[in-house]
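A.B. asks: Provided below are the primary sequence and the corresponding predicted coordinates.
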Amino acid sequence: MMLRPLDALRPAALLLAFSLSLHTVAAPPAIELNDDPRLPRCLARASGVMPAPDLVLSSDTDGTTYLYVAGFDPADWGGSLQKRRIVFLADGNMESGATEWDAAPALIALDPDARRIYTSRTDGPALRTIPFIWDRLSGAQKAQLDVSPVDGRNDQLGEKRLAYLRGHRGEEIGRAGGPFRQRSQLLGDIINSPPAMFTTPPVMSANGYLDFYEAKKGRPLTVFVGANDGMLHAFEATTGAELFAYVPGAVFARLSRLTDTAYVHRAYVDGAIRLADVQLDAQWKTVLVAAMRGGAKGVFALDVTDPARFIEGRGALWEFTDADDPDIGNVIGAPAVARFKTGAINGAAVYRGFAIVPSGVNNYGDAADGRVQAAAYNALFLLALDKAPTERWKEGGNYFKFVLPAGASGRANGLGEPTVVYAGDGAAHYVYAADLQGNLWRFDFSGSAPWRNALGPAPYRPVFIATDRHGLPQPIMQRPTVAFAPGGYLILIGTGRLLQASDLDGAPFPPQSFYAVFDAPPLRAASVRRAQLAERTVTLRDEGNALTLGGDRFQYGDRKGWYLDFLSGNQTGERSLTPAEIADNRLYFQTFIPPANTCGLPGRRRYVLDVLAGLPPDGGVTGYPVSATERALMPSVMSPAQQETGTPDASGKRRIHTRFGQLRLRDDRQGADGEGASAAPVVEQVTVAGRLSWREIVDWEALRAPPK
């Protein structure tokens, strides 16, 4: 078992006293994930379908590009998943066009008894994937569905509740004797679970993968999404037909609340999804690992190699919750999936596939579960994807845990979504993740399991600590973006949080920033601090409210990177919530600006910078404002709209001018991109190709040969 960093220094008697004291101290404040901060704050806006915070793009075989966007209706908490065609505009930007299909009405048309809905039961020696029908449930699962959401008593309505969850409408209020909540849609609200899909898998030079690739490259496109009807859904991307749905065992205890006539929104399957091809038991599979966010503390994994034949394979691989390890919390962001070098046999490397899962938020217990920590510890978990169904979770066997030093006492904490840096053999080398107390951590997996030195020598220190100009910690809730830099890596991360309604409380706001931090392994004796970075000054340009950035050029080594503070952040509340993107040495990221009043819509800014310098390309401007929209957390989607290649000069060098268009989401109620929509600027980038110089390439073999 891995000890916490301070535990290794305590005598046994002190350890016992410390353990007993956990029940008497106050835990850091809980983060209420059901209190969604993006829901409308006045009744006038509580109608119509509101988009969820993320989307996915794909191209069909005919080259047409489509957008898959999820949504919800706060009037009665129905959900929506739409496929829309992308329209390329004359100005080089993109816009979502006509809706090809919506999965919600299609679900209503299905025979509820014919739907392929599954769950799993663990009351026997092994986890088993079973149909979601009454006769196949365990006794404990039936008892949970029998619980009245009104008074908590056994009302013997569990079987009817299950039929209701499958889609039967006869027991809804308004029907003859119906006791359950009335619904406009069977699909539950989709708020924090971005749609995910696999297309043609990338080709990897791993043992046996080419055969798998050939067999699966033509499989139908499938869109996966988690909904707050208690299910993860798989939809056929061409038609919108439901292929299957899965009810995680971890949400069973809350399912009866979905039938409550006084129902208010609750999280169920509300987290992000990761899809990856991995080798399990010498066979290649496509696995899905999903966080449950506010629905439950933990994650689950499915074998979705062939979604149309889900039950014929292993189906559910496993679930991992706080019942298996109390240090797992509500996981924010998507788990990562990678293979790790675990050792060697006869000189040959041995690899194993793992889900990389951060501990998330609320993992430090509360009075209800009898386990309270005064300081919030974070942890990173590696969960083996090949865990046998008959195995119990065992630390050091089929999962590994890396516990970080305690955070500041009495302050909320939580480790966010990880980023993986790969070694030359395709195995995970480093993992970066950041937390809500402003610490950026690096885990080193270059050795073999159990990776006892993953955090470097004790005492463990973060790579970087984000603080504002007054020295106050700045929370980080996004996945780090990693770029290669001379002699190491540049870690790009923005600060700010949006997890509950109190994060929108008005000015003065805690000021937030964006950082580029140079990291050169091995870990240093001290963390990088703000004072070691080059400042980028931000000023408002008169024209169009865009921004001008200034600052001195620097050499890496003299400085450890750069940073910018968002302009008037303590008044505007501007913050960075979604990961940055990198294309051709350009950094693209987007910020969130809270609404000025309770009935307003949030705004955004889009930044384009040189990655290494932290300045606008070609001395231009950046930070263009984006029209107010309910899609406050939509990532910045950009695509090459036009490319022109210049005439070669005397040396053969050519300049390529590429114009990047940006996506505007059309809302049928408000026009493109919400209220006050305006054309987003097209970003132009210049790269060089062709012969770069006339330097002679010498014949090295001739030079090294001895003279005749």
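C.D. replies: Now that the structure is in, tell me what you want to look at. Numbers count the residues shown, from 1 in each chain.

A.B. asks: show me what the helix or strand hosting Ala355 is packed against.
C.D. replies: Here Ala355, judged by DSSP states H and E, is contained in strand 348-358. With contacts taken as 3 or more CB pairs under 8 Å, 6 or more residues apart in numbering; DSSP states H and E, strand 348-358 sits against strand 273-280, strand 283-291, strand 298-303, strand 336-345, strand 379-384, strand 428-434. C-beta: built from backbone N, CA, C; applies to glycine.

A.B. asks: and that strand, what's its mean pLDDT?
C.D. replies: On average, the pLDDT along strand 348-358 is 94.

A.B. asks: now do the buried residues in it.
C.D. replies: For strand 348-358, a neighbour-count test (16 or more other CB atoms under 10 Å) marks Tyr351, Arg352, Gly353, Phe354, Ala355, Ile356, Val357, Pro358 as buried.

A.B. asks: same deal with stretch 237-251?
C.D. replies: With burial defined by 16+ other CB under 10 Å, the residues of stretch 237-251 counted as buried are Ala237, Gly240, Glu242, Leu243, Phe244, Ala245, Tyr246, Val247, Pro248, Gly249, Ala250, Val251.

A.B. asks: am I right that the last one sits in a strand?
C.D. replies: No. Read with DSSP: H, G, I helix; E, B strand; the rest coil, Val251 is helix and lies in no strand.

A.B. asks: isn't it right up against Met292?
C.D. replies: Yes. Counting by CB atoms under 8 Å, Met292 is a contact partner of Val251 at 7.0 Å.

A.B. asks: so what sits against both of those two?
C.D. replies: Jointly contacting Val251 and Met292 under the rule CB atoms under 8 Å, 6 or more residues apart in numbering are Tyr268, Val269.

A.B. asks: ok, the strand holding Ala355: who's next to it in the sheet?
C.D. replies: Taking DSSP bridges as the criterion, strand 348-358 pairs within the sheet with strand 336-345 (antiparallel), strand 379-384 (antiparallel).

A.B. asks: any idea of the mean pLDDT for the helix or strand following the last one?
C.D. replies: Moving toward the C-terminus from strand 379-384, the first helix or strand encountered (DSSP H and E) is strand 399-403. In this model, strand 399-403 has an average pLDDT of 96.

A.B. asks: how about stretch 625-645?
C.D. replies: Rounded to a whole number, the mean pLDDT of stretch 625-645 is 55.

A.B. asks: that older thread, of all the helices and strands packed on strand 348-358, which one comes closest to Glu535?
C.D. replies: For Glu535, the closest of those is strand 428-434, at 20.8 Å, according to CB to CB.

A.B. asks: how far does the helix or strand following that closest one sit from the chain's center?
C.D. replies: Next in sequence after strand 428-434, counting helices and strands by DSSP H and E, comes strand 439-444. Relative to the mean C-alpha coordinate of its chain, strand 439-444 is positioned 18 Å out (CA atoms, centre = their mean, to the nearest Å).

A.B. asks: which neighbouring elements make contact with the very next helix or strand once past strand 439-444?
C.D. replies: Next helix or strand after strand 439-444 toward the C-terminus (DSSP H and E): strand 464-465. With contacts taken as 3+ CB pairs under 8 Å, 6+ apart, strand 464-465 sits against strand 439-444, strand 513-519.

A.B. asks: which of the strands paired with strand 348-358 is buried the deepest?
C.D. replies: strand 379-384 (a mean of 24; mean count of other CB atoms under 10 Å).

A.B. asks: name the residues that touch that strand?
C.D. replies: Outside strand 379-384, the residues that touch it by CB under 8 Å, 6+ apart are 299, 301, 318, 320, 325, 327-328, 340, 352-359, 363, 398-404, 415, 418, 431, 433, 441, 443.
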